[in-house]
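> sharing a model that was predicted from the sequence below.
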Amino acid sequence: MANAKLWGLKKSPWVFHVAAASCNNCDIEILDVLTPRWDVERFGIVLVGSPRHADALLITGVLNRKSLPRVLRVYEQTSKPCLVIGVGTCTCDNHMFAPSYNVVGPYDKHIPVDVYIPGCPPKPEAIISGVVKALKRL
Amino acid sequence: MKRIVPIGPYHPLQEEPEFFKLIVEGEKVVDLEINIGYNHRGHEFIAQKMTYDQIPFLVERICGICSDSHPYAYVMAVEDAARIEVPPRGQYIRTIIGELERIHSHYLWVGLAGHFIGYNTVWMWVWRYREPLLDIFELIMGNRNHYAINKVGGARRDILPEHYEKIEKYLDLVEEKTTMFTKAVLDDPVIHARLENVGILSKEDAIAYGVLGPTARGSGYAIDVRKDDPYDAYDKVDWDMIVFEEGDIFAKAKVRLLECYESIKIVRQCLRDMPDGPIEARVDEIPPGEGIGRHEAPRGEVFHYVRSDGSNMPARHKIRAPSYMNIPSNVVAVKGYSIADAALVLAAVDPCYCCTERTVVFEDGKKKFTGNDLLRLSRQKTEKLRRRYGR
């Protein structure tokens, strides 16, 4: 049964976009990937409205005190197995917000992350390559 | 009977986490509660631990869409404090990037507005023609967003003569496409039906809430820092302020689309008159004192305040972004419209939550500091600083 789920996940991953405390930039680059120049919908990658429909979570931005419980809840609601893809340098190491009083990241303290895509913001090509690497690991 | 419809914090229509509580009677929205703070990262606190030259990189990460506006206002604040004169070429370069950013931000809004009313064709079209502009940013500054062009004393990178042609070619394209959107999008009967007479913000309310930028100009309130208090190259070029009286979402959309033409005009004139010479002034040290910087971001006026104590880090750095003033006006704009219109009305001010975030300290379920407490603490700190520096 687990294999069937993995097979479904590989073919056309539906993604849910979670912005923890980001500066918008990774978020608009994620939307950019869906627009005509890159158009990943060709490969069946669709942005969905509910984590319950999603195969992968695209997480952007640093984690702060207020967004942490919400992000954990979204992760719990996502149907498993799921991929967690951290987009942007903020997800890797808190970037330049590390001295802040409100930041509780990085992510791997709280949820398992499969792939990190560094860059501020990562270019759309980098985002696509990160998702492909995540799928290849399965 | 009143019921509550929650929007957020993770809502499919919104890119950023924020929480709106729509209080509805049947289909009609009767009240709105706004709850933000999911994005608070403590920029003002971090800025006081960084040197003057590091802070532009920090403040451009406040918001990824207007990532030129915050450093622009910040460097003007430091230049004001240190009385630095920016060389003309540096001024023109900063103006050009500021205006190109306005085009990119307005295009982004038009696309998202199309997405919000379920008209994804508009979204795909507009974002397609936003891409060549990001290529130009990458060509000049090496990154598609987060340009790092502003520097205390001038510009960090020069616009080379071979880039002029590419920028002008793009301006021709964007002029043609803006005409196409203005004709095809704004004359579409479906868009008229969805946007006209929806989310009206009257001029009185606009003034009472102190809204800024295209939100104010769409409500007949002519306010623009570029005209009211010109800086850099804005008083050397010829352009018009776009103002509409209606106050509905259609007026705001018209303001944004027509402002793209004005930005094109400004960039063309700047490229034509671009003076030669150095792009930055030499900055030795920042003397004790304070300064303010104001820049008209795509969403309205960005305000930065910097207080220097003579060291290499600011003693206080205060930021106010336009969305902080614009978002509360949603409370009056959304009342009386249906739930289906609410998502669009909430997006009509082009909200940017990551600029807006503030923090509140709670202890045992109660607010720790009230407004008066903060005022008292602020006065005490000012007194302390005065005593320390004997002024």
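Thanks, I have the structure now. Residues are numbered from 1 along each chain as shown, chains lettered A, B, ... in the order given.
> low-confidence ranges, the chain, go.
Answering for chain A, as no chain was given. In the predicted model of chain A, residues A:1-2 satisfy pLDDT under 70.
> look at chain B instead
Using pLDDT under 70, chain B drops low at B:391.
> neighbours around the residue in chain A positioned nearest to chain B, how many?
Of all residues in chain A, residue A:25 sits closest to chain B, at 2.5 Å by Cβ to the nearest Cβ. Every residue, glycine included, has its C-beta placed from N, CA and C. Counted with other Cβ atoms under 10 Å in any protein chain shown, residues neighbouring residue A:25 total 28.
> next up, the contacts around the residue nearest to it when sequence neighbours are not counted.
With sequence-adjacent residues excluded and distances taken as Cβ to Cβ, 6 or more residues apart in numbering or on different chains, residue A:25 is closest to residue B:64, at 2.5 Å. Listed by Cβ atoms under 8 Å, 6 or more residues apart in numbering or on different chains, the contact set of residue B:64 reads A:22-28, A:121, B:145-146, B:354.
> contact residues of the stretch 1-150 of chain B facing chain A?
Proximity of the stretch 1-150 of chain B to chain A (Cβ under 8 Å from any Cβ of the partner chain) is limited to residues B:9-10, B:12, B:15-17, B:37-42, B:45-46, B:49, B:57-58, B:61-65, B:67, B:108, B:123-124, B:127-128, B:131, B:143-146.
> can you flag the buried ones in those residues?
Among those, those classed as buried by 16 or more other Cβ atoms under 10 Å in any protein chain shown are B:9-10, B:15-17, B:37-42, B:46, B:58, B:61-65, B:67, B:108, B:123-124, B:127-128, B:131, B:143-146.
> got phi/psi on the closest residue to residue A:49 other than its chain neighbours?
With sequence-adjacent residues excluded and distances taken as Cβ to Cβ, 6+ apart, residue A:49 is closest to residue B:12, at 3.2 Å. Main-chain dihedrals, residue B:12, degrees, to the nearest 10: phi -60, psi -20.
> what of the one 4 residues further on?
Reported as degrees, to the nearest 10, the phi and psi values for residue B:16 are phi -110, psi 160.
> was I right about residue B:17 contacting residue B:37?
No - at 9.2 Å, residue B:17 does not count as touching residue B:37 under the criterion of Cβ atoms under 8 Å.
> closest to the centroid, which residue in chain A?
Residue closest to the average C-alpha location in chain A (Cα atoms, centre = their mean): residue A:58, at 1.5 Å.
> tell me what the biggest helix by length in chain A is packed against?
Taking DSSP state H as the criterion, chain A has its longest helix at helix A:124-137. Packing contacts for helix A:124-137, counted by 3 or more Cβ pairs under 8 Å, 6 or more residues apart in numbering or on different chains; DSSP states H and E, involve helix A:25-34, strand A:83-87, strand A:115-117.
> among those, which comes closest to residue B:80?
helix A:25-34 (27.9 Å; Cβ to Cβ).
> give me the contact list for that closest one.
A:17, A:19, A:38, A:40-41, A:45, A:47, A:58, A:60-61, A:87-88, A:90, A:120-124, A:127-128, B:15-16, B:61, B:64-65, B:67, B:108, B:127, B:131, B:144-146.
> apply 7 Å and report the result again.
By Cβ atoms under 7 Å, 6 or more residues apart in numbering or on different chains, the surrounding residues in contact with helix A:25-34 are A:17, A:19, A:38, A:40-41, A:47, A:58, A:60-61, A:87-88, A:121-122, A:124, A:127-128, B:15-16, B:64-65, B:108, B:127, B:145-146.
> tally of neighbours for residue A:44?
10.
> assign whichever residue of chain B sits closest to chain A to helix, strand or coil.
The minimum distance from chain B to chain A, using Cβ to the nearest Cβ, falls at residue B:64 (2.5 Å). The three-state assignment at residue B:64 reads coil, by DSSP: H, G, I helix; E, B strand; the rest coil.
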